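Participant: Test case, fold it:
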Amino acid sequence: MADSVEDLLAVEARLDRSFAAAVVFFLLQTGWPLLARMMEQGGAAWVTVVNVALWLSFLAAYIWFAVAAAAAAGSVGRSRMLVGAWIVLAPFLALLPIPIVSLLIGASPLSIKFILSGELRSEIQRKTRELE
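Facilitator: Numbering: from 1, shown residues only. Here you go, the predicted structure:
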């Protein structure tokens, strides 16, 4: 568990920033092929290079999010390894051909982020009250 309010705020900020970066790169990586086709550049070599760069950027941001979520889990007394591993494995497990379960597994990193954020905010409020 984190020692001070400042530590908890830093963990929360890192979690929020990493999540935002993962979302932005996901949207860019998903929308880039459509934009390239709209510009009639779908077959150009540079479009493929940009697509690969965006994909690698998304992968890096997603791993950053998994590491930040694991750190946040440790700050609120949860298992770092379990949270980090689940966030990394969830996209692969979502590929299983089980209709509703696959959707829930794929969305679970999003819910983990919001659960951890709520727990961090509660812990920040508790520690702030202790200081008063």
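Participant: switch to C-alpha atoms for all contacts and neighbour counts from now on
Facilitator: OK.
Participant: In contact with Glu119, which residues?
Facilitator: Glu119 makes contacts with Val76, as judged by Cα atoms under 8 Å, 6 or more residues apart in numbering.
Participant: number of nearby residues for Leu104?
Facilitator: 13 (other Cα atoms under 10 Å).
Participant: list the buried ones in the helix or strand it falls within?
Facilitator: Taking DSSP states H and E as the criterion, Leu104 maps to helix 99-131. Buried residues in helix 99-131, counted by 16 or more other Cα atoms under 10 Å: 102-103, 105-106, 108-109, 112-113, 116-117, 119-121, 123-124.
Participant: Stretch 28-42 now?
Facilitator: Leu28, Gln29, Trp32, Pro33, Ala36, Gly42.
Participant: Which single one of those residues is nearest to Pro91?
Facilitator: Using Cα to Cα, Gln29 is the member of the buried residues of stretch 28-42 that lies nearest Pro91, at 15.6 Å.
Participant: do you know how far that closest one is from Phe19?
Facilitator: From Gln29 across to Phe19, the span is 15 Å (Cα to Cα, to the nearest Å).
Participant: same check, this time on Ala72
Facilitator: Ala72 is 12 Å from Phe19, by Cα to Cα.
Participant: Please apply the same query to Trp46.
Facilitator: Distance from Trp46 to Phe19, by Cα to Cα: 28 Å.
Participant: Look at the two and report which has more neighbours.
Facilitator: The neighbour comparison of Trp46 against Phe19 (other Cα under 10 Å) goes to Phe19, with 22 against 11.
Participant: Ala36 contacts Gly42, doesn't it?
Facilitator: Yes: judged on Cα atoms under 8 Å, Ala36 makes contact with Gly42 at a distance of 5.2 Å.
Participant: For Gly118, give me the pLDDT.
Facilitator: You'll see Gly118 listed with a pLDDT of 92.
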